[in-house]
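>>> Below is the sequence, then the predicted model.
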Amino acid sequence: MVNREDLDKMISCGKKEYKKNTGCIARKCSVFPVFFMLLMVLLLFSSCGMDTLKDSSSVKSPVKENLTIYFLDVGQADSTLLVSQDEAMLVDAGNRDDAEFITGYLDDLGISRLKYIVFTHPHEDHIGSGGDIIDSIAVDKIFMLEGYDDGIEGYLKTVIDRMGIQTQAPLPGDTISLGECSIEFLGPLEKSDDENDNSICLKVMHGENSIIFTGDAGSSCERKMIESGEALEADILQAGHHGSSTSNSYYFLREVNPKYVVISCGKDNMYGHPHEESMSRFGDLGAEIFRTDEQGTVIAVSDGEDITFNCEGKKSERSHVKEYENAKYIGNINSRKYHFPDCGGLPNEENRIYFMDIQTAQEAGYEPCGRCHPDRMN
């Protein structure tokens, strides 16, 4: 008689491997029982359809409850609240004048404890109300880097120390959980003299849906995240640096390929955010764009498969697509060359970036391939 443990081993080893592997039951039982049980297993799988044979590691478990993301309207600043299965997390804390609004919002939602706060970097428009929030609500853990020394930064650190809240400087690849969400820290990948480029970057995954936050990280940091090999594709991107053109680079957006972009910025702000260049890039993706300066607090709800919003964004004239089968040029992120799609020197898929025109490729710092000469018009 073949027991369940032996059957599991046989299935895991496969039809060829189980004959060679000493851990498989081919060495433990006669040929006929093994053949019979294998036949029964194959019939069972075929009756369920071939999709059942997919690697279980690539299939995410269905979620039971929604994830709600509140991109709070804090003017020319950032503060985003995430809630999953009664656990809440705040990414950044707006300007110093936003404390009453943020704590009031939490109170209206019945949130009396934050499992995490992530302070992406020590600029007033990202940590301004942090100290007052921590003073008014329980916080289990704070993720932040070093460098909170003077002024509003020093005040925040003082409050954290007084409240005895645990802090951690996350490393790329570190993961945490929030309700039914898995969260991975993506950056920064190296120390920079620019505090914006030291922004903590993270990806939140809920079922089949995902959201990326990059703080104020610039294009050089975005490139490093691409080169790290991390899976960057996401459904929602909170626009980097309030929609600045120094972030949201073309090559990074192609990697993330978001269906939705949410921009947190102030109405008629002095920086001109979001910049026209960024808006054009978002439009090229076919992404739907939401702006707190025009729509107020933007609320997104994920059920693990689909995402709905509390308002309607600005839709692109282009359709959002998963693959870039219509791309006219393909770049190599390692050689920094761009090619015709039929060039014999194309890189592997993980090293590709797609361009719709030569100008965009050149603006991204790419040069024409010397083999297929895409810059020569025939």
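Here it is on my side, so go on. Numbering: from 1, shown residues only.
>>> Show me how the record splits the chain into domains.
Domain assignment of the chain by automatic domain parsing yields the ranges 4-52, 67-309, 329-368.
>>> Of all these, which one is nearest residue 318?
The closest of these to residue 318 is domain 67-309. By Cβ to Cβ, the value is 4.1 Å. The way it works is simple: take the backbone N, C-alpha and C, and place the C-beta from them, glycine included.
>>> Deepest-packed of the domains of the chain, please.
When you average the neighbours per residue for each of those (mean count of other Cβ atoms under 10 Å), domain 67-309 leads with a mean of 20.
>>> starting at the chain centroid, how far to that one?
Distance, stretch centre to chain centre, for domain 67-309: 11 Å (Cα atoms, centre = their mean, to the nearest Å).
>>> And for stretch 362-374?
Distance of stretch 362-374 from the chain centroid (Cα atoms, centre = their mean) equals 29 Å.
>>> Please renumber the chain so that the first residue is 52 from this point on.
Renumbered: residue one is now 52, and that last one reads stretch 413-425.
>>> pLDDT on that stretch, on average?
Computed over stretch 413-425, the mean pLDDT rounds to 92.
>>> hey, C-alpha coordinates of that stretch in CSV?
Extracted in CSV, the C-alpha atoms of stretch 413-425 (Å, rounded to 0.1, in the frame of the first residue of the first chain):
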residue,chain,number,x,y,z
GLN,A,413,18.1,59.3,-26.6
GLU,A,414,16.6,61.3,-23.7
ALA,A,415,17.0,58.3,-21.5
GLY,A,416,20.7,58.2,-22.4
TYR,A,417,20.7,55.4,-24.9
GLU,A,418,22.8,55.3,-28.1
PRO,A,419,22.0,53.5,-31.4
CYS,A,420,23.2,50.0,-31.8
GLY,A,421,26.2,49.7,-34.2
ARG,A,422,24.9,46.5,-35.7
CYS,A,423,21.3,47.3,-36.8
HIS,A,424,21.8,51.1,-36.9
PRO,A,425,18.2,52.1,-35.8
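>>> which residues touch that stretch?
300-302, 380, 382, 387-391, 393-396, 404, 406, 409, 426-427 (Cβ atoms under 8 Å, 6 or more residues apart in numbering).
>>> mind putting the domains of the chain in TSV, distance to residue 368 included?
Listed next are those as TSV, based on distance: least, Cβ to Cβ, whole Å:
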stretch	distance to residue 368
domain 55-103	35
domain 118-360	7
domain 380-419	13
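>>> Okay, residue 366 and residue 333: tell me how far apart.
To residue 333, residue 366 is 11 Å away according to Cβ to Cβ, to the nearest Å.
>>> Quick check: which ranges of the stretch 52-201 of the chain have low pLDDT?
Within the stretch 52-201 of the chain, the stretches with pLDDT under 70 are 52-112.
>>> which stretches of it form strands?
Assigned by DSSP state E, counting those that start in this stretch, the strands in the stretch 52-201 of the chain fall at 118-122, 131-135, 138-142, 164-169, 189-194.
>>> Can you pull the phi and psi angles for the residue lying closest to residue 175 once chain neighbours are set aside?
Using Cβ to Cβ, 6 or more residues apart in numbering and skipping residues adjacent in sequence, the residue nearest residue 175 is residue 203, 5.3 Å away. Dihedral pair for residue 203: phi -60, psi -30, per degrees, to the nearest 10.
>>> got the contact list for residue 203?
By Cβ under 8 Å, 6+ apart, residue 203 lies in contact with 147, 175, 178, 179, 182.
>>> where's the residue lying closest to the fourth one once chain neighbours are set aside relative to residue 363, distance?
For residue 179, ignoring the flanking residues on the chain, the nearest one in space by Cβ to Cβ, 6+ apart is residue 147 at 3.7 Å. The span separating residue 147 from residue 363 equals 32 Å under the rule Cβ to Cβ.
>>> And residue 277, by the same measure?
Relative to residue 363, residue 277 is positioned 31 Å away (Cβ to Cβ).
>>> just the helices in the stretch 202-351 of the chain please.
Per DSSP state H, counting those that start in this stretch, the stretch 202-351 of the chain carries helices over the ranges 202-214, 270-278, 301-307, 327-336, 343-346.
>>> I'd like those helices as JSON lines, with mean pLDDT and distance to residue 321 appended.
Output for the helices of the stretch 202-351 of the chain, formatted as JSON lines (pLDDT from 0 to 100; distance: least, Cβ to Cβ, whole Å):
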{"stretch": "helix 202-214", "mean pLDDT": "94", "distance to residue 321": "19"}
{"stretch": "helix 270-278", "mean pLDDT": "95", "distance to residue 321": "22"}
{"stretch": "helix 301-307", "mean pLDDT": "90", "distance to residue 321": "25"}
{"stretch": "helix 327-336", "mean pLDDT": "92", "distance to residue 321": "16"}
{"stretch": "helix 343-346", "mean pLDDT": "98", "distance to residue 321": "13"}
